[in-house]
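Student: give me a model of this one.
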Amino acid sequence: MICWKPGLASKRIATGKHSAEVCIERKCPLETRTRFKEDCDHHIRRNVMQPKPYRLETRTRFKEDCDSAFRSAFATTSASVGNQDSLQRGLRRPQMEETIMKQAKLSQRGYLYQRLKSAVPSFIYWPAVWLIVLAVFIGPLPPTAPMAREAVARADLSRGGTPLTAKDYIFPRLEQLAERTVVRRTAAGCIDCGEVVQYRAFNGTMYTLTQFSGKNVAVLLPDSWMNGLSRQERRTLIDRCDLLYEHLKELIGEEPAGSGLLPIAFVRDTCGWGCGYIGAKGVEILDADWSLDIVRQDVAAGNLPGVVVHEMNHNFDVYSAYLHYLPEHGHAWTDFMDTYIRIYSRMGFRDLSPEEIQRFEIRQKYVPYISDETATWEDCVRDGLCQNRGIIRNYVWAALNHYVAQLHGARAILGFMSFLRNYKATHRPPTSPEAKEDLRIEALAFGTGLNLGCYVDTWRWYASAELRARMTAQYGTNNPFCLDNDGDGFSEIQGDCDDSNPAINPGTTDLVNCNLRLFTEPPDGDFPNPQPLTYPARIVGRITDNDADFFTFSLPTARRVKFTLQSTPDFGGCLFIYNRSGGLYNPLAPCVSKGGLSTRIYDLAGGVWRFGVELGSQPGRYSVEIADAARWPVMWGTTEPPAFQNGAYRLMVHTETLEGVLETPTHVRFWVSGVGFVGTAPFASSAFVNWMPIGSLAEGTYGYRAQLVSGPIPVADATAAEWFELNSRKR
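Tutor: Predicted coordinates for the structure are as follows:
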């Protein structure tokens with residue numbers, strides 16, 4: 001492991017003299033990188049990865065944290081890449097390694113050339129200079145360039161044994177469902193009451209596992225995980241999985257097929273890092289040391305590993321026959337649901353708020369499509385012809401739901417799911433892509449209560465004449481989100497976040513975050529060097545050969561600043577930050593290759609800061625966002641040990657802050673592990689319910705949590721669990 005020690009801009013030299021321990025000691029700025037499940041989901045096997053306890057960077061993923069697997073994935077000899085979408089989709093390991101190494105080498109050589117050119121202005125010395133430059137170009141590149149290591153590591157996640165399938169999900173056949181292990185509750189509620197059971201895996205292998213039952217799910221652990229997880233970590237994993245199931249049931253309105261609890265089994269061989277049935281109960285997670293390490297990190301933070309979220313979303317893909325038409329539509333569904341369930345439930349991620357997640361989704365999935373005026377549903381989604389323009393069909397399909405959710409809120413998505421549920425109960429599935437899109441648009445119209453004809457036109461999407469007529473008959477023609485009230489040429493659906501002020505529109509502010517001032521490079525010119533920015537800001541520019549763009553901004557006080565660099569769609573390079581003395585501030589710089597996006601968070605002092613976007617592997621267009629990073633997670637309330645009186649437990653929560661709460665809460669609901677939501681109280685600074693457990697509950701440890709809601713909508717995450725003992729004398 002090394003520290004990345006750049007010189008100026010992206011023209012850097014990698015040095016190998018700094019160990020991982022030195023990096024930790026010097027507190028190298030942590031990397032926060034947001035990615036998706038597909039980036040990591042390529043059939044990893046325990047005998048491939050043997051992670052070591054390096055801790056140089058922290059990555060935030062929605063599949064989550066492949067870091068542990070990355071750390072040691074350099075010794076294997078074979079590669080296989082699944083067919084999931086990813087930022088490096090379609091690249092085999094040698095291709096990826098070659099591409100990124102080229103980028104690092106170009107950066108290194110460009111840096112040396114510029115330094116020599118500036119240091120030796122006289123033409124007298126140039127023959128000697130060119131000899132030095134030539135020697136550098138011929139010389140070997142240090143093999144430890146971070147971008148190359150990162151890409152190679154990500155590619156190495158695709159290694160492993162022969163998978164059951166090319167995907168991480170299975171459409172179960174009737175005989176598979178008939179043969180599946182039906183997991184019954186082993187003890188009524190007790191979260192620590194484990195029982196040794198025999199489990200038949202998806203591939204027919206029998207395992208001896210220890211089962212722990214919740215209300216909705218059963219977590220089945222091998223001995224290695226029984227020893228590897230502390231009791232507290234195991235409790236959190238079980239309870240969080242149970243709560244995720246409950247939130248998905250609320251949102252989707254239907255449960256996966258199959259009787260008994262939803263099994264989440266940790267086994268030594270399955271169809272990916274995780275594997276899940278489509279529309280039916282059943283999740284398997286790979287039993288490996290690195291997998292255990294990732295899960296421990298997430299549950300220690302009170303969160304859930306993304307692999308569990310992803311596979312359970314496959315289980316809840318209960319409308320697949322009515323929505324799917326893409327070759328990989330199972331992952332178009334999860335491209336929406338993996339992150340939206342974190343937004344809906346307010347769980348967020350370890351250092352990303354639900355609002356930041358939603359903006360990220362719009363930025364990555366919606367903006368590339370909507371910004372390309374030639375892109376259409378027919379070409380880019382149905383026929384998949386736009387990937388070379390950075391437009392990924394699964395992402396675009398998911399983006400429409402994300403955009404509606406951002407514009408209209410969770411109630412619109414609840415209405416969307418409700419329409420699908422009722423339609424499924426009375427109709428056979430549509431058979432063509434066009435008919436399935438008609439159904440989806442009609443369901444979104446029901447969720448918003450509006451005629452979405454102008455949305456379809458803005459999105460350059462498909463909607464039949466019959467659907468347009470039905471929407472007009474049902475909702476009329478007046479959709480306020482389609483009106484341009486300030487006469488600036490933009491409506492809200494087109495990205496105008498203040499339709500009462502003509503000075504604010506997508507031409508002056510960012511399409512995703514209207515608090516950002518927009519700076520666009522002139523079509524036939526260049527940014528000044530440096531370009532002063534008004535913070536927070538969004539930059540849209542392009543890098544040509546031997547080019548770099550530099551910017552300055554001022555912070556009145558110290559704050560956490562999030563930098564997001566995106567290739568749109570062809571740029572390959574890096575973003576480097578400088579301190580006031582001109583030295584490099586971020587050894588772990590955000591870098592992207594074609595179509596990629598990288599987000600990192602830094603703690604910056606007040607004052608003037610300078611950063612540059614510079615060429616790496618390929619010139620092209622890019623965008624940068626700099627803005628405050630939200631403080632997350634924010635724990636809104638605290639619980640206290642329950643008092644027992646008059647045969648009931650008093651469950652109480654005290655509100656500490658409403659920071660990060662979606663909207664004004666109306667009620668507080670209380671959750672008991674293994675039991676479910678047991679009561680609701682009107683919102684107050686201190687709220688409580690008296691819970692009387694039923695007689696069939698087993699003695700043992702239980703935990704309770706509180707969650708703020710506004711009507712049926714969660715507006716804050718559930719609090720940390722308050723654990724207590726239930727015994728027969730208190731009934």
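
Student: wait, R470 sits on E442?
Tutor: Yes - counting by Cβ atoms under 8 Å, R470 does reach E442; the two are 6.9 Å apart. Backbone N, C-alpha and C define where each C-beta goes, glycine included.

Student: out of the two, which sits in the busier spot?
Tutor: Ranked by neighbour count (other Cβ atoms under 10 Å), R470 and E442 place E442 first, with 21 against 16.

Student: doesn't the more buried one lie inside a helix?
Tutor: Yes - assessed with DSSP: H, G, I helix; E, B strand; the rest coil, E442 lies in a helix.

Student: give me the nearest residue to it, chain neighbours excluded.
Tutor: Among residues not flanking E442 along the chain, L467 sits closest, at 5.9 Å (Cβ to Cβ, 6 or more residues apart in numbering).

Student: who's in contact with the one you found?
Tutor: D438, I441, E442 (Cβ atoms under 8 Å, 6 or more residues apart in numbering).

Student: H324 too?
Tutor: Residues G330, A332, W333, K436 are the ones in contact with H324 under the rule Cβ under 8 Å, 6+ apart.

Student: how many neighbours does the third one have?
Tutor: Spelled out, that is W333. 25.

Student: quick check: domain ranges of the chain?
Tutor: 20-156, 169-317, 372-478, 517-628, 637-730 (automatic domain parsing).

Student: okay, the ones you listed in a markdown table with distance to I362 and mean pLDDT next?
Tutor: Below are those laid out as a markdown table (distance: least, Cβ to Cβ, whole Å; pLDDT from 0 to 100):
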| stretch | distance to I362 | mean pLDDT |
| --- | --- | --- |
| domain 20-156 | 13 | 34 |
| domain 169-317 | 19 | 91 |
| domain 372-478 | 6 | 96 |
| domain 517-628 | 12 | 90 |
| domain 637-730 | 17 | 93 |
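
Student: these: which one's closest to L352?
Tutor: Counting by Cβ to Cβ, L352 lies closest to domain 20-156 out of those; the figure is 5.9 Å.

Student: tell me the bridge partners for W691.
Tutor: Beta-bridge pairing for W691 (DSSP bridges): Y649.

Student: my read is that it contacts G676, right?
Tutor: No - if you go by Cβ under 8 Å, W691 and G676 don't touch, sitting 11.1 Å apart.

Student: quick revisit: wait, is the residue nearest to E442 part of a helix?
Tutor: Yes - assigned with three-state DSSP, L467 falls within a helix.

Student: from P433, how far off is it?
Tutor: From L467 over to P433 the distance is 14 Å, taken as Cβ to Cβ, to the nearest Å.

Student: do F416 as well
Tutor: Remark: distance between F416 and P433 (Cβ to Cβ) = 19 Å.

Student: what ranges do the strands span in the stretch 251-400 of the chain?
Tutor: Taking DSSP state E, counting those that start in this stretch as the criterion, the stretch 251-400 of the chain carries its strands at 262-267, 274-277, 283-286.

Student: partner strands of the second one and their direction?
Tutor: Sheet pairing for strand 274-277, assigned by DSSP bridges, gives strand 169-170 (parallel), strand 283-286 (antiparallel).

Student: need the residues that contact the shortest one.
Tutor: Going back to what we said before, that points to strand 169-170. Residues contacting strand 169-170 (Cβ under 8 Å, 6+ apart): L164, Q176, F202, C271, C275, G276, Y277, I278, E311, H314, G330.

Student: likewise for the longest one?
Tutor: Strand 283-286 is contacted from outside by 44-46, 201-202, 262-277, 291, 295, 307-308, 311-312, 314-315, using Cβ under 8 Å, 6+ apart.

Student: residues in contact with the closest residue to F683 other than its chain neighbours?
Tutor: Of all residues not flanking F683 in the chain, P665 sits nearest, at 4.4 Å (Cβ to Cβ, 6+ apart). For P665, the contacting residues are L658, F683, L708, V709, S710, V715, A716, by Cβ under 8 Å, 6+ apart.

Student: farthest pair in these?
Tutor: L658 and V709 (13.5 Å).

Student: neighbour count: those two, which is higher?
Tutor: Taking other Cβ under 10 Å, L658 and V709 do not tie; V709 has more neighbours (19 against 16).

Student: the strand or helix carrying that one - contacts with which helices or strands?
Tutor: V709 is part of strand 700-710, with elements assigned from DSSP states H and E. Contacts defined by 3 or more Cβ pairs under 8 Å, 6 or more residues apart in numbering; DSSP states H and E place strand 700-710 against helix 231-252, strand 637-639, strand 648-655, strand 667-672, strand 722-726.

Student: next structured bit after the fourth one?
Tutor: What it means is strand 667-672. Counting by DSSP H and E, what follows strand 667-672 is strand 676-682.

Student: can you check the shortest one too?
Tutor: For strand 637-639, the succeeding helix or strand toward the C-terminus, using DSSP H and E, is strand 643-645.

Student: each with direction, which strands does that following strand pair with?
Tutor: The pairing partners recorded for strand 643-645 under DSSP bridges are strand 648-655 (antiparallel).

Student: the partner strand versus strand 676-682: what angle between them?
Tutor: Using axes from the mean of the first three to the mean of the last three Cα atoms, to 10 degrees, the inter-axis angle of strand 648-655 relative to strand 676-682 is 60 degrees.

Student: what comes up buried for strand 648-655?
Tutor: Residues A648, Y649, L651, M652, V653, H654, T655 are the ones in strand 648-655 that count as buried (16 or more other Cβ atoms under 10 Å).

Student: do the same with stretch 288-304
Tutor: Buried residues in stretch 288-304, counted by 16+ other Cβ under 10 Å: 288, 290-299, 302-304.

Student: next: stretch 210-226.
Tutor: 210-222, 225.

Student: if we can go back for a sec, and the buried residues of stretch 288-304, which two are furthest apart?
Tutor: Within those, A288 and G302 form the most distant pair, 23.1 Å apart (Cβ to Cβ).

Student: and the contacts of L467, which is closest to Y622?
Tutor: Lowest distance from Y622 to those (Cβ to Cβ) belongs to I441, with 32.9 Å.

Student: please enumerate the helices of the stretch 201-350 of the chain.
Tutor: For the stretch 201-350 of the chain, the helices defined by DSSP state H, counting those that start in this stretch cover 223-228, 231-252, 289-300, 306-315, 320-323, 329-344.

Student: nearest to L726 among those would be which one?
Tutor: Using Cβ to Cβ, the nearest of those to L726 is helix 231-252, at 14.0 Å.

Student: how far is the closest one from where the chain is centred?
Tutor: Centroid separation for helix 231-252 versus its chain: 18 Å, with Cα atoms, centre = their mean, to the nearest Å.

Student: what helices and strands are in contact with that helix?
Tutor: Packing partners of helix 231-252 (3+ Cβ pairs under 8 Å, 6+ apart): strand 217-221, helix 289-300, helix 306-315, helix 329-344, helix 410-426, strand 700-710.

Student: if we can go back for a sec, for the buried residues of stretch 210-226, which two are the farthest from each other?
Tutor: Of all pairs in the buried residues of stretch 210-226, the most separated under Cβ to Cβ is K215 and P222 at 23.2 Å.

Student: number of residues surrounding D603?
Tutor: The number of residues packed near D603 is 11, by other Cβ under 10 Å.

Student: distance of it relative to N586?
Tutor: Counting by Cβ to Cβ, the gap from D603 to N586 is 11 Å.

Student: and what of A643?
Tutor: 50 Å.
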